[in-house]
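A.B. asks: Coordinates for the following, if possible.
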Amino acid sequence: MIVVMGATGATGSALLHRLVTLGIPSRALGRDPERLRAGLDDASRRLVDVRAADADDPSSLHAAFQGAHQLFLTMANSPAQQEQERCAIRVAAAVGIEHIVKLSAPAATADSPVAISRWHHAIEETLRQSGVPHTVLRPYAFMQKLSTLAPMVAAQSVVHGTMGDAVCNYVDCRDIGDVAAEVLIRPELRGRTYTLTGSRTFSHPQLVELLGRLLGRPIRYVDLSPEAMRHNLIERGGLPDWLAAHVVEIRQLAVNRPEEPTDTVARLLGRPPRTLAAYLDENIGLFR
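C.D. replies: Next up, the predicted model:
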């Protein structure tokens with residue numbers, strides 16, 4: 001049995017969909033199991049065992065992990081994430097989980113300039129110390145997060161950023177879910193760290209050019225200073241301080257450490273990764 005934490009998130013739900021497609025039973029965890037169950041179609045309900053669990057409650061995790069052999073571990077980024085994921089790892093080790101696939105982040109080192117990457121490094125250290133066999137996935141920017149740009153594009157035909165001409169790796173969460181499924185069902189792929197990207201990088205000027213072609217109107221890119229970007233995210237976007245700081249930090253990482261695409265998705269899946277153009281075309285209604 002495969003347990004999926006973060007089952008309502010973009011990657012967790014993508015993994016569930018892939019496991020259902022493959023006909024593989026799984027167990028999805030959530031604080032609101034009825035809401036989680038309501039989001040599943042009939043085919044998924046036959047294969048997905050929905051359980052209540054709270055990452056802040058070790059006893060609920062202990063009950064939810066019972067009888068399972070593998071765990072896919074992802075939690076929404078938040079100041080509580082580090083302790084929640086470390087708790088899940090400790091419980092998984094105690095109940096005999098045999099393999100953990102952890103969704104991590106780029107630049108997950110102790111001295112990373114990105115705070116959330118430092119959190120992931122600490123979680124990975126707990127994973128290594130647990131003695132549980134594990135695999136780490138380090139995806140770059142989720143294509144699905146681009147939907148946060150949609151309101152400004154729709155209303156003002158503008159994208160704000162703080163990367164200049166620096167390029168960014170984008171990866172579709174569905175490809176992350178597909179890779180996670182492969183790692184969970186193919187033992188020969190386990191025990192490694194995989195960096196996941198799309199097939200090419202894009203700068204913000206290239207991104208707005210692509211959006212403009214799809215929308216049939218020009219889209220402007222306005223480059224802000226890091227501090228102005230952080231202020232904009234807090235005052236206009238309503239983001240909490242820690243999340244606004246993260247957005248700025250991860251974009252400055254792309255400026256200071258030029259990004260290159262990897263062939264990992266293609267190697268593991270035997271097909272090219274989904275493209276940014278295809279993702280935007282599929283979701284262009286959000287930006288109109």
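A.B. asks: pLDDT weak spots in the protein?
C.D. replies: Within the chain, no stretch has pLDDT under 70.
A.B. asks: separation between the most centrally placed residue in the chain and residue 173?
C.D. replies: By CA atoms, centre = their mean, the chain has its centre lying nearest to residue 11, at 5.5 Å. In this view, residue 11 and residue 173 are 5 Å apart by CB to CB, to the nearest Å. Heads up, the C-betas are built off the backbone N, CA and C, glycines and all.
A.B. asks: Give me the common contacts of those two.
C.D. replies: Counting by CB atoms under 8 Å, 6 or more residues apart in numbering, the residues touching both residue 11 and residue 173 are residue 142.
A.B. asks: Ramachandran coordinates for residue 9?
C.D. replies: Phi and psi for residue 9, reported as degrees, to the nearest 10, are phi -80, psi 180.
A.B. asks: Report the separation between residue 262 and residue 212.
C.D. replies: From residue 262 across to residue 212, the span is 28 Å (CB to CB).
A.B. asks: Look at the two and report which has more neighbours.
C.D. replies: residue 262 (19 against 15; other CB atoms under 10 Å).
A.B. asks: any idea which element that one lies in?
C.D. replies: Residue 262 is part of no helix or strand when elements are defined by DSSP states H and E.
A.B. asks: Now it: phi and psi?
C.D. replies: phi -110, psi 170.
A.B. asks: who's in contact with residue 43?
C.D. replies: residue 20.
A.B. asks: and the next element down the chain from the helix or strand hosting it?
C.D. replies: Using DSSP H and E, residue 43 maps to helix 42-47. Proceeding N to C from helix 42-47, the next assigned helix or strand is strand 48-52, under DSSP H and E.
A.B. asks: Show me what that following strand packs onto, helices and strands only.
C.D. replies: helix 10-21, strand 26-30, helix 33-38, helix 58-65 (3 or more CB pairs under 8 Å, 6 or more residues apart in numbering; DSSP states H and E).
A.B. asks: Could you rerun that using 7 Å?
C.D. replies: In terms of contacts (3 or more CB pairs under 7 Å, 6 or more residues apart in numbering; DSSP states H and E), strand 48-52 is packed against strand 26-30, helix 33-38.
A.B. asks: so how far is the shortest one from its chain's centroid?
C.D. replies: Once both centres are worked out by CA atoms, centre = their mean, to the nearest Å, strand 26-30 turns out to sit 17 Å from its chain's centre.
A.B. asks: That strand versus helix 10-21: what angle between them?
C.D. replies: Put simply, strand 26-30 runs at 150 degrees to helix 10-21, going by axes from the mean of the first three to the mean of the last three CA atoms, to 10 degrees.
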